[in-house]
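1. I'll drop the sequence and a predicted model, then ask my questions.
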Amino acid sequence: MKILIAHDGSSGVDEAISDLKRAGLPRDADALLINVKELWLPHFASKNEINEFVTPSNSLAAQTEPARIAPTTVATAEAVDVLHSAAERLHSMFPDWKTETLELSGSAAREILQQAKDWGADIVILGANGNTGFKQHILGSVAQKIANEADCSVRIVRGEFWKNGSPSRLLIALDGTASAMAAVEEVKHRMWTMGSEVRLVIVQDNLQNDFASICEYVEDAKKRLIAADLSVSELIENGDPKQLIVSAAEEWGADCIFLGANEHGTSFEKLLLGGVSTAVVSRAHCTVEIVRKEATGTTQDV
C-alpha cells in the first residue's frame, strides 16, 4: 500500500499521524511525507520573465487551465526539521514501513494531487483544516480540493475523538452503489483492534419504493463484514442523507465515516463527489475516508 501524508506543519498533521494507528492500515507499506511551501508569484518586469518562471507547455490543457508553476524542492532548515521529526515518529509507529520525505514549493493542493498521481498513491491522508485557522468542523480549502479531485482514496482527519488502544467505531454510508460496496470491502480488509464495531447506515428519501431490495443490499454488506470478525449493526432511515448520516455518526460516536466516491451523474457532479458525499465530508465531526476503488460482488440499484 502506498500512503501519501500531506504535512503542513500544523497540529492537523500531528492528529493525522496519530490517526494512522486507528486506520487499520497494513504493517507493510510505503509512506511518503510531503510538505509544500506555498509559492506566491513575484513581481515580473516583463512577459519574458513570466514565461521563464511558468512551466512551458503547448498542450491544449495549458491553454485552457491556469498555468502550473514549476514545482521546486525546498530545503529550508525548518521544512527539513519538521519532516524529519514526522518521519521519525512515523517510523516508531510503523517500523516496517518504508518512509520517504519530499519538500516542494507551489500550490499545496495542486502539488499534492500531482504527486499522488505521479507516485501512484493508494490513499492521501491529511488534516481537515491545516493552517487556515477555521473552526474545527469547517473543511479547509486544500482538503476540500484534494477530496474532490484525487484519483485515489482520501482520508481527512478531524481531531482525536478516541483513546489509544480502544476499539474503533466505523460508520459506512451506503447508497446501493458499487462505490459504496467498495468502502465495505476496504473496511473488511483492514486490520482493526479486537472489539471494533461497524454501523451500516442507509438513508433514502423514499424507503417504501423498494424496501426489500434495500434490506437485501444491507444484509450483503453486513455478511461481508461479519466474515472479517467485525461487530456489525445497521440503521435504515427515511429522510435527507446529507443531514442524517452526519447526525447518526455523531450520536453513535463514530471515529470515522467511510464513503464510496460518487459514480453517477454528470462530470461536474463526479468532480464534487456528489451532494451527499460533499455534505458529509464538510460537516462531519470525525474523520472521513473517501474510498476510490473497484468493488466486487453484487450491488442493488436502490
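-> Arrived safely, thanks for sending.
2. Now do the helices for the stretch 201-302 of the chain: every range, in order, please.
-> 211-226, 241-252, 267-271, 275-283 (DSSP state H, counting those that start in this stretch).
3. okay if I get those as TSV plus distance to Val13 and mean pLDDT?
-> Every C-beta, even on glycine, is put in place using the N, C-alpha and C of the backbone. Formatted as TSV, the helices of the stretch 201-302 of the chain follow (distance: least, C-beta to C-beta, whole Å; pLDDT from 0 to 100):
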stretch	distance to Val13	mean pLDDT
helix 211-226	30	91
helix 241-252	23	93
helix 267-271	26	41
helix 275-283	18	83
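4. So which of these is nearest Ala108?
-> Minimum separation from Ala108 across those (C-beta to C-beta) falls at helix 275-283, 17.8 Å.
5. Using CSV, list the CA coordinates for that closest one.
-> Extracted C-alpha coordinates of helix 275-283, given in CSV (Å, rounded to 0.1, in the frame of the first residue of the first chain):
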residue,chain,number,x,y,z
GLY,A,275,-24.1,16.3,-3.0
VAL,A,276,-24.4,13.8,-0.1
SER,A,277,-20.6,13.0,0.0
THR,A,278,-19.7,16.7,-0.1
ALA,A,279,-22.0,17.5,2.7
VAL,A,280,-20.7,14.6,4.9
VAL,A,281,-17.1,15.5,4.2
SER,A,282,-17.7,19.1,5.1
ARG,A,283,-19.9,18.7,8.2
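6. Now do the nearest residue to Leu102 once chain neighbours are set aside, the pLDDT please.
-> Spatially, and ignoring its direct neighbours in sequence, Leu102 is nearest to Ile34 (4.8 Å; C-beta to C-beta, 6 or more residues apart in numbering). Note on Ile34: pLDDT of 92.
7. is it true that Ile34 touches Asp118?
-> No. Applying C-beta atoms under 8 Å as the test, Ile34 and Asp118 come out as separate, 11.2 Å apart.
8. on that earlier part again, of all the helices of the stretch 201-302 of the chain, which lies closest to Glu88?
-> Here helix 275-283 is closest among the helices of the stretch 201-302 of the chain (C-beta to C-beta), at 30.7 Å.
9. May I see the buried residues of the closest one?
-> Val276, Ser277, Thr278, Ala279, Val280, Val281, Ser282, Arg283 (16 or more other C-beta atoms under 10 Å).
10. and the angle for it with helix 241-252?
-> Computed with axes from the mean of the first three to the mean of the last three C-alpha atoms, to 10 degrees, the direction of helix 275-283 lies at 40 degrees from that of helix 241-252.
11. circling back: the more surrounded of Ile34 and Asp118?
-> Taking neighbours as other C-beta atoms under 10 Å, Ile34 and Asp118 compare with Ile34 leading, 24 against 8.
12. which stretches of the stretch 51-200 of the chain form helices?
-> Going by DSSP H, counting those that start in this stretch, the stretch 51-200 of the chain shows helices at 60-64, 77-93, 108-119, 141-149, 178-189.
13. Show me what the last one is packed against.
-> Of the remaining helices and strands, those touching helix 178-189 by 3 or more C-beta pairs under 8 Å, 6 or more residues apart in numbering; DSSP states H and E are strand 169-174, helix 211-226, strand 256-260, strand 287-291.
14. Tell me the helices and strands packed up against the second one.
-> Packing contacts for helix 211-226, counted by 3+ C-beta pairs under 8 Å, 6+ apart, involve strand 169-174, helix 178-189, strand 197-204, strand 231-238.
15. all strands of the stretch 1-150 of the chain, in order?
-> 2-7, 30-38, 72-73, 98-106, 123-127 (DSSP state E, counting those that start in this stretch).
16. Show me the contact partners of the last one.
-> Contacting residues not belonging to strand 123-127 are listed as 1-6, 8, 10-13, 15-16, 19-20, 23, 112, 116, 140, 142-143, 146, 150, 152-158, 289 [C-beta atoms under 8 Å, 6 or more residues apart in numbering].
17. swap the cut-off to 6 Å and go again
-> Residues outside strand 123-127 that contact it (C-beta atoms under 6 Å, 6 or more residues apart in numbering) are 3-6, 12-13, 15-16, 116, 143, 146, 150, 152-155, 157.
18. Which strands border it, and is each parallel or antiparallel?
-> Using DSSP bridges, strand 123-127 pairs in its sheet with strand 2-7 (parallel), strand 153-157 (parallel).
19. Give me the mean pLDDT for the first one.
-> Mean pLDDT, strand 2-7: 93.
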